[in-house]
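Student: need a 3D model of the following:
(one chain, ligands or ions: 2)
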Amino acid sequence: MAHLDMDAFYASVELLRYPQLKGLPVVIGGGRRKVDDALLQHPDGSGPREPCFIPVSEFPLLKDYVGRGVITTATYPARQFGVGSAMGMMKAAKLCPQAIVLPVDFEEVRKYSRMFKNAITEIAPVMQDRGVDEVYIDFTDVPGGQREGGRVLARLIQKSIFEKTGLTCSIGVAPNRLLAKMASEFNKPNGISIVYEEDLQSTIWPLHVRKINGIGPKAGEKLARLGIETIGQLAAQDERWLISHFGKSTGAWMHRAAWGRDDSPVVTESEPVSISRETTFERDLHAVHDRAELGRIFTALCEQVAQDLQRKGYAGRTIGIKLRYADFRGATRDQTIGQATQDASMLRRVAGQCLKRVPLQQRLRLLGVRVASLVPVAEAALHPAAAHSPGPAQGETLGLF
Ligand code: DCP
Ligand code: MG
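Tutor: Numbers count the residues shown, from 1 in each chain. Ligands and ions are numbered 1, 2, ... in the order given. As a prediction, this is how the structure comes out:
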């Protein structure tokens, strides 16, 4: 079992755009400010410039920051000054005034999140998403997944992520998720750590109880009041005593966790197959007599689907319509295009062609627009060749839904 966590994720994503900042203290935090937009414009006002050619001296510094913003994350060079997540920016400015401040670009973060996860599942398909920058990976059925305790596979995954995204991550491999999650922090950044069952006493027990995923600030404080700071101290407690203080399930779980026991599996969530929107009309509409109204609804559906695609980060090649006639019979048509899209007007155009291929004498009670053959956008943008189709394919089915 492995846990993978990206290194200084939001900051590392910005460094891809501004490689001139590599090795410098950079913090991510606060909202987008005028200085951030100005950065990307030529000082002479002659339009946008290439991010990588902006001199380091032009970036906004933490010492000039005024406001109530909080640091989201910091590069490792900035962390050396004691600056880190959740710290107020003005307070951080006292520790590291020369740090460069950038806002988070969520869209970019989500794009890279999908990219690194795709790189993983290409190698190890059983992966559980744990948020934007971390996942659990089951090494069990991956060929070679047990070599050197999983180190060989972990290295391969790191290499593939770096090649595809330019980002580094840290991986912990252990007999279960609980220990893997702790292990991934041991050799950050860009590290691999293998924890074996027999390492429990030497490696895990000296750690603070808060390192157990599931012991939050409140439980941590309560344990501290009870005189328990380390996982080893927790393990030394009688299970019944823990239950008397934390209740049956939490107490028993804490005891198991302190002994490194966890049998929760990696739960994979599959990618969506298609994204669609449909609407049943207030009254049945006719393709000719209610043309304008139908057209408006049709366009709105395409726009909604396009928004859904953009929000979820997918583009699709197969665009289809679904309709239901007044007599409840239904029809679907779809068409596959060469390049995946998430663009509303493109969807509208192709869906419009599909609509031309269905009988429209009867009134309609429902219209739907669907996009399938989905690919994550980052991938579609990076591998346009992979999205090429052998030619337009058309599907037809006519019948009851
Ligand atoms: N994050 C956030 N607010 C926090 C902590 C983190 O918005 N209080 C965001 C920014 C991080 C991302 O989540 O980049 C991932 O969180 P991590 O705790 O994994 O931190 P990093 O990836 O930044 O650093 P590390 O190398 O320690 O994993
Ligand atoms: Mg991280």
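
Student: on the three-state scheme, residue 336 is what?
Tutor: The three-state label given to residue 336 by DSSP: H, G, I helix; E, B strand; the rest coil is strand.

Student: the one 4 residues further on too?
Tutor: With three-state DSSP as the basis, residue 340 sits in strand.

Student: what do you get for residue 322?
Tutor: strand.

Student: can you start the count at 43 instead of 1 from here on
Tutor: Sure, I'll start numbering at 43, so the last one becomes residue 364.

Student: show me what the nearest residue to it once chain neighbours are set aside is bridged to.
Tutor: In space, and not counting its chain neighbours, residue 364 is closest to residue 410: 3.8 Å by Cβ to Cβ, 6 or more residues apart in numbering. C-betas here are computed from N, CA, C, even on glycine. Assessed by DSSP bridges, residue 410 has beta-bridge partners residue 320, residue 364.

Student: then residue 236?
Tutor: residue 215.

Student: okay, now it: neighbour count?
Tutor: 19 (other Cβ atoms under 10 Å).

Student: so what's it up against?
Tutor: Applying Cβ atoms under 8 Å, 6 or more residues apart in numbering to residue 236 gives the contacts 190, 191, 192, 193, 196, 214, 215, 216, 225.

Student: now swap in residue 188 and tell me
Tutor: Per Cβ under 8 Å, 6+ apart, neighbours of residue 188: residue 181.

Student: give me phi/psi at it?
Tutor: phi -100, psi -10 (degrees, to the nearest 10).

Student: what of residue 403?
Tutor: Dihedral angles (degrees, to the nearest 10) for residue 403: phi -70, psi -40.

Student: for it, grab the count of nearby residues.
Tutor: 8.

Student: any idea how far ligand 2 is from it?
Tutor: Distance, residue 403 to ligand 2, by Cβ to the ion, to the nearest Å: 59 Å.

Student: before we move on, the earlier item: can you redo the contacts of residue 236 as a markdown table with distance to ligand 2, pLDDT and neighbour count?
Tutor: Converted to a markdown table, the contacts of residue 236 look like this (distance: Cβ to the ion, whole Å; pLDDT from 0 to 100; neighbours: other Cβ atoms under 10 Å):
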| residue | distance to ligand 2 | pLDDT | neighbour count |
| --- | --- | --- | --- |
| 190 | 24 | 97 | 13 |
| 191 | 22 | 96 | 16 |
| 192 | 20 | 97 | 25 |
| 193 | 20 | 98 | 14 |
| 196 | 16 | 98 | 27 |
| 214 | 12 | 98 | 27 |
| 215 | 17 | 98 | 27 |
| 216 | 18 | 97 | 28 |
| 225 | 14 | 98 | 25 |
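
Student: ok, so of these, who is nearest residue 304?
Tutor: Closest approach to residue 304 among these (Cβ to Cβ): residue 216, at 9.3 Å.

Student: in contact with the closest one, which residues?
Tutor: Contacts of residue 216 (Cβ under 8 Å, 6+ apart): 43, 44, 45, 222, 224, 225, 236, 237, 238.

Student: among those, the buried ones, what's the PyMOL command?
Tutor: Typed into PyMOL, the line below selects the buried ones among these, using 16 or more other Cβ atoms under 10 Å:
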select buried, resi 43+44+45+222+224+225+236+237
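
Student: so of the contacts of residue 216, which ones are in strands?
Tutor: 44, 45, 236 (DSSP state E).

Student: from residue 207, how far off is the second one?
Tutor: Meaning residue 45. 18 Å (Cβ to Cβ, to the nearest Å).

Student: just the first one next, same as before
Tutor: Per Cβ to Cβ, residue 44 is found 18 Å from residue 207.

Student: and the residue nearest the centre of the chain, how far from residue 152?
Tutor: The chain has residue 174 as the residue nearest its centroid, 3.5 Å off, counting by Cα atoms, centre = their mean. Going from residue 174 to residue 152 by Cβ to Cβ gives 7 Å.

Student: ok, residue 273 next?
Tutor: Taken as Cβ to Cβ, the span from residue 273 to residue 152 is 34 Å.

Student: neighbour-wise, which of those two wins?
Tutor: residue 273 (27 against 18).

Student: check what pLDDT the more buried one gets.
Tutor: We have a pLDDT of 98 for residue 273.

Student: who's in contact with it?
Tutor: Going by Cβ under 8 Å, 6+ apart, residue 273 touches 246, 247, 248, 249, 250, 251, 253, 254, 299, 300.

Student: between these, which is closest to residue 284?
Tutor: Once Cβ to Cβ is applied, the member of the contacts of residue 273 that ends up nearest residue 284 is residue 300, at 8.8 Å.

Student: reformat the contacts of residue 216 as a markdown table; add distance to ligand 1.
Tutor: Formatted as a markdown table, the contacts of residue 216 follow (distance: Cβ to the nearest ligand atom, whole Å):
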| residue | distance to ligand 1 |
| --- | --- |
| 43 | 18 |
| 44 | 15 |
| 45 | 11 |
| 222 | 14 |
| 224 | 13 |
| 225 | 13 |
| 236 | 19 |
| 237 | 18 |
| 238 | 23 |
